[in-house]
Structures are given as structure tokens and as C-alpha cells.
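1. Turn this into a model:
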Amino acid sequence: MSEFLAAVGAAFLAFLAGVGRLALFTARALAAGATPPYYPQVILRQIVYMGYYSLPVVGLTALFTGMVLALQSYTGFSRFNAEGAVATVVVLSVTRELGPVIAGLMVAGRVGAAMAAEIGTMRVTEQIDALTTLSTDPLRFLVMPRLLAGLVTLPLLVAVADVIGVFGGFLVGTYKLNFNPVAYLTQTEQYLATSDVVSSLVKAAVFGFLVALMGCYQGYHSRGGAEGVGQATTYAVVSASVLILLSDYLLTQALFAQ
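-> Model prediction:
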């Protein structure tokens with residue numbers, strides 16, 4: 001029994017140590033970005049990479065999510081003769097939850113892994129040490145532009161994903177389920193509130209920050225050559241995905257709690 005408790009205690013202490021290292025890393029990165037020099041070209045390049053090049057996968061995922069959601073909603077509501085609520089369920093589900101979460105997970109898989117691999121390779125090949133030797137703060141040059149890009153690009157991606165997801169539901173509702181197009185759009189507009197869109201963008205900004213943070217953190221602390229870079233890539237995607245789902249619950253509780 002004592003060995004089991006010792007193992008649990010060691011795991012808990014290791015978890016707390018990891019949380020502390022992450023908090024210190026975040027604080028140092030934000031502090032580094034609060035003072036010049038800034039690197040606008042690096043920031044713009046990261047915005048284009050995270051936003052523009054992630055648009056196809058996010059758009060396709062949102063489109064098919066909206067289409068499947070419309071089909072499943074109709075199948076469920078038809079049992080209670082409530083088929084008319086399909087448009088409302090699609091727009092609220094996509095805007096409040098599915099748009100931000102799915103976009104965050106897709107970007108975590110695509111961009112978070114790439115960040116961890118790039119920075120991890122720079123770490124194991126001592127390029128980060130070379131930046132320090134050249135009097136360039138690695139946190140200011142490598143980490144802060146990616147954090148800013150995550151904050152800026154994911155809300156834009158989610159805004160596009162919300163529109164595409166609702167459009168996917170509209171396509172299925174009108175062409176597959178034979179809803180009246182005007183009535184479907186009217187109901188969509190009627191039940192969509194400004195707070196729904198705002199909450200979606202707030203979640204997206206938090207998710208973008210978390211994706212960039214975990215990608216940079218895992219890559220920055222990678223060790224052990226190619227194997228360490230591979231582990232950092234895996235940890236970045238897994239940790240970012242878990243944090244997205246956890247923060248989604250906390251933000252939903254904070255934004256929609258009555």
C-alpha cells in the first residue's frame with residue numbers, strides 16, 4: 001500500500017512540476033514580447049502559415065460536420081415530430097461548440113505538431129543556443145510570434161468555419177431533407193444571437209493561444225535527438241487537444257452559466 005501511495009504522490013508531484021514549468025515558460029514568453037525588438041515579418045509569416053494554409057482542412061471539416069449534424073438532428077427530432085428545430089440546432093451547435101473545437105483540434109494536429117518539430121529540431125541541433133550567442137532572445141524571436149499568430153488566426157479560421165458549417169447544414173436541409181430554403185435561413189437568423197458569435201471567437205482565441213503555446217513549449221524543451229523531437233511532436237498534439245477540451249468546458253461554464 002505504501003508503494004502505491006508513493007507512486008501516486010510521485011506522479012502528482014511530477015504533474016505539479018510540469019504545470020509550474022509551463023506557467024514559468026508562458027510568463028517568460030509574454031514578458032519577452034512586452035518589450036522590443038519585435039519581428040513583424042516573422043509574425044506575418046506565422047499568421048499566413050497558421051491561418052491561410054490551415055483553411056482547407058478546417059473548411060472541409062466544418063462543411064462535413066454541419067452536413068452530418070443536420071442529418072443526425074433530423075433523424076433524432078423526427079421521432080418527436082420536431083423536425084423544424086434542425087436549423088436552430090445546427091447553427092447553435094456549430095457556432096457555440098463544434099466550430100471552435102473542431103478548428104482548434106485540426107490546427108493542433110497540423111500546426112502544433114509542426115511547431116514542436118521545427119523548434120525541437122532547432123533545440124537538438126543547438127540553433128537556439130546559437131540565437132542566444134548572437135544576443136537574440138529565443139522566446140522573443142521564436143515563441144512570441146507564434147503565440148500572437150495563434151491569437152489572431154484561429155478566431156478568423158473559426159469565423160470561416162462557422163459560416164461553412166452552417167452552410168453545410170443548409171445544403172443537407174434544403175436538398176436532402178426538403179426544407180424550404182427561405183424558412184431555413186429565417187430560422188437560422190432568428191435564433192442566432194450576437195453572444196453566440198462572440199463566445200465562439202473568444203474560445204477560438206484561447207484555443208489558438210493554447211495550440212501555439214504547447215507546440216512551442218514541447219519543442220523548446222525537447223531532448224535526445226530525433227527521438228526527442230518525435231516525442232515532443234506527439235506531446236504537443238496530445239496536450240493541446242486535452243487543454244482545448246478542458247478549456248472548452250470551463251469557457252462554456254463561464255459564458256453560458258445561468
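2. hey, where'd the helices end up in the stretch 101-250 of the chain?
-> 113-124, 127-133, 138, 144-171, 181-191, 194-220, 225-256 (DSSP state H, counting those that start in this stretch).
3. what residue ranges in the stretch 151-258 of the chain are flagged as low confidence?
-> 257-258 (pLDDT under 70).
4. Stretch 68-87: which residues count as buried?
-> Neighbour counts over stretch 68-87 (16 or more other CB atoms under 10 Å) mark Leu69, Ala70, Leu71, Ser73, Tyr74, Glu83, Ala85, Val86, Ala87 as buried. For every residue, glycine as well, the C-beta is placed using N, CA and C.
5. Now, the residues you listed that are in strands?
-> Residues of those located in strands (DSSP state E): none.
6. Just want the most central residue of the chain.
-> Geometric centre of the chain, nearest residue: Gly104, 2.4 Å, by CA atoms, centre = their mean.
7. sorry, back to before: would you list the helices of the stretch 101-250 of the chain in a markdown table and tack on distance to Ser2 and mean neighbour count?
-> Shown next, in a markdown table, are those (distance: least, CB to CB, whole Å; neighbours: other CB atoms under 10 Å):
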| stretch | distance to Ser2 | mean neighbour count |
| --- | --- | --- |
| helix 113-124 | 38 | 22 |
| helix 127-133 | 42 | 14 |
| helix 138 | 43 | 21 |
| helix 144-171 | 44 | 23 |
| helix 181-191 | 58 | 14 |
| helix 194-220 | 34 | 23 |
| helix 225-256 | 31 | 17 |
